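> mind looking at a prediction? Sequence and model below.
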Amino acid sequence: MNLILRADASVAIGTGHVMRCLALAQAGMDAGGRAVFAMAVSTPAIRALLESASCEVVMVTAEAGTAEDARQTIIIAHERQASWIVVDGYPFTAEYQRVLKAAGCKVLFLDDYAHAAHYTGDVVLNQNAYANEAMYRAREPHTRLLLRPRYALLRRDFISWRGWKREIAPTAHKVLITMGGSDPENVTDLVIAALSGVPGIEATVVVGGSNPHFEERAQIAPQPGSGFRLQKNVSNMPELMAWADIAISGAGTTCWEMCLLQLPMMLIDLAENQKAIAGSLAGSGAAIHLGSSATVTKEEIATRVAGLLASQSERAKLSERCGELVDGRGTERVLSELARG
């Protein structure tokens, strides 16, 4: 199965669209296929990651979502004898899907909030906890739906953690801080400032490879002995999630990774499209929603973090619900659906 994955990454866009496509690309390559990323914009860190994962990267020279973008993507798909085109991103519309289908391409459309007016792809995947069939009434009869975290796309390094069971410490102190691959608003600094006032904290701060604030942050990073350590573009995220007692995170694609590791999470929505993710996870009992990055204060963060660290029962409930949502077989299920044709 040869996959063309049309997704972009930048400081403004973030890296989540590419990272979840990478999960599918890895699964396809593990099954003997090839994976080609067609990208209009990227970052050096993301490109290096994709190439290290043996994915080919081809640049699209058109503006994302335009007719010329679709034309170039179709050419790439035909040249690479693609089995499927995987499309992930908010610029891609109903017309974009229609053009790909009219060219005879099989299309998997990754979606978050039904932003397209009509869906003509062969398969629509929405892995979010709030996804439901009513969101996609405007679709073709042939369009199949894969909905909710049962189909959560997890990268290869998380798959080996399926079945792992978390132990909940009576008193917790280990905190993972991760605000996604780019964090353009530098919310990481707000969280560090908040936790600096919480006694006994041992925190690992993970900064994504596309974060524009890393050099600035590294210069003012808490000193050794402060309880904080700063790491950039890590390759051992599952181990860090297993190490932590709780996480403070942006409400992006990493939520499903934390669910697999049954990690009690406190979420800050960093963009408008993350509000529904954070809200639905909090509503289902799998997370605590701290609020928006534009309004949450360091005092609010500090108070709620201290409360969660002190409450073994609350952490246990969050952890149990996380494990119920994601079993680590979502990527496998999606690939099986694509194999059906």
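Nice, I can see it.
> quick one, helices of the chain?
Counting by DSSP state H, one finds helices in the chain at the ranges 16-30, 44-52, 67-79, 94-102, 156-159, 187-195, 214-219, 237-243, 254-260, 275-283, 298-310, 312-325, 330-339.
> could you give the mean pLDDT of the shortest one?
Looking at helix 156-159 alone, the average pLDDT works out to 95.
> what do you get for stretch 111-131?
The model assigns stretch 111-131 a mean pLDDT of 97.
> my read: Val124 touches Thr143, true?
Yes: contact criterion Cβ atoms under 8 Å: Val124 and Thr143 qualify, at 6.0 Å. Heads up, the C-betas are built off the backbone N, CA and C, glycines and all.
> and the two? which has more neighbours close in?
With neighbours defined as other Cβ atoms under 10 Å, Val124 and Thr143 compare such that Val124 has more, 24 against 19.
> sorry, back to before: okay, and the common contacts of Val124 and Thr143?
The contact sets of Val124 and Thr143 overlap at Tyr136 (Cβ atoms under 8 Å, 6 or more residues apart in numbering).
> check what pLDDT Pro224 gets.
So, for Pro224, pLDDT stands at 56.
> before we move on, what about Asp183?
So Asp183 comes in at 81 (pLDDT).
> correct me, but it touches Thr254?
No: assessed by Cβ under 8 Å, Asp183 is found out of contact with Thr254, at 12.0 Å.
> how does this structure divide into domains?
What the record gives for the chain is the domain set 3-154+328-339, 159-325, from automatic domain parsing.
> mean pLDDT lowest for which of those domains?
domain 159-325 (a mean of 90).
> and it, how far apart are its ends?
Domain 159-325 has an end-to-end distance of 15 Å (Cα to Cα, to the nearest Å).
> can you tell me which of the helices of the chain is most buried?
helix 254-260 (a mean of 27; mean count of other Cβ atoms under 10 Å).
> ok, back up a step: columns distance to Gly208 on top of the helices of the chain, output as JSON lines?
Conversion of the helices of the chain to JSON lines gives the following (distance: least, Cβ to Cβ, whole Å):
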{"stretch": "helix 16-30", "distance to Gly208": "10"}
{"stretch": "helix 44-52", "distance to Gly208": "7"}
{"stretch": "helix 67-79", "distance to Gly208": "26"}
{"stretch": "helix 94-102", "distance to Gly208": "27"}
{"stretch": "helix 156-159", "distance to Gly208": "16"}
{"stretch": "helix 187-195", "distance to Gly208": "9"}
{"stretch": "helix 214-219", "distance to Gly208": "8"}
{"stretch": "helix 237-243", "distance to Gly208": "11"}
{"stretch": "helix 254-260", "distance to Gly208": "10"}
{"stretch": "helix 275-283", "distance to Gly208": "18"}
{"stretch": "helix 298-310", "distance to Gly208": "20"}
{"stretch": "helix 312-325", "distance to Gly208": "22"}
{"stretch": "helix 330-339", "distance to Gly208": "21"}
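> out of those, which gets nearest to Val58?
Val58 sits nearest to helix 67-79 of all these, at 5.6 Å, using Cβ to Cβ.
> gap between the closest one and the chain center?
26 Å (Cα atoms, centre = their mean, to the nearest Å).
> then stretch 288-296?
18 Å.
> so which bits of it are buried?
Ile288, His289, Leu290, Gly291, Ser292, Ser293, Val296 (16 or more other Cβ atoms under 10 Å).
> about what we covered before: looking at the helices of the chain, which is nearest to Arg137?
helix 94-102 (13.3 Å).
> now the nearest residue to Glu140 once chain neighbours are set aside: how far from Ala134?
Leaving aside its chain neighbours, Glu140 sits nearest to Thr120 (5.0 Å; criterion: Cβ to Cβ, 6 or more residues apart in numbering). Distance of Thr120 to Ala134, given as Cβ to Cβ, to the nearest Å: 18 Å.
> looking at those two, which is more packed in?
Neighbour count, other Cβ under 10 Å: between Thr120 and Ala134, Thr120 has more, with 22 against 7.
> was I right to think that one contacts Ala138?
No: Thr120 is beyond contact range of Ala138, at 9.9 Å (criterion: Cβ under 8 Å).
> so who does Met29 touch?
Ala35, Ser54, Cys55.
> so the last one touches Leu24, yeah?
No: between Cys55 and Leu24 there is no contact, the gap being 10.8 Å when judged by Cβ under 8 Å.
> can you list the residues that contact stretch 326-335?
1, 23-24, 26-28, 31, 108, 125, 127, 146, 149-154, 158-159, 161-163, 256, 259-260.
> follow-up on the earlier one: need the residues touching each of Cys55 and Leu24.
Contacts common to Cys55 and Leu24, judged by Cβ under 8 Å, 6+ apart, are Leu5.
> please tell me how far Ile168 sits from Lys317.
10 Å.
> ah, wrong one, I meant Pro170
15 Å.
> equivalent analysis for Trp164, please.
In terms of Cβ to Cβ, Trp164 sits 19 Å off from Lys317.
> ok, the residue lying closest to Glu300 once chain neighbours are set aside - contacts?
In this structure, Glu300 finds its nearest non-sequential neighbour in Leu290, 6.7 Å apart by Cβ to Cβ, 6+ apart. Residues in contact with Leu290 (Cβ under 8 Å, 6+ apart) are Ile248, Met266, Leu267, Ile268, Val296, Glu300, Ile301, Arg304.
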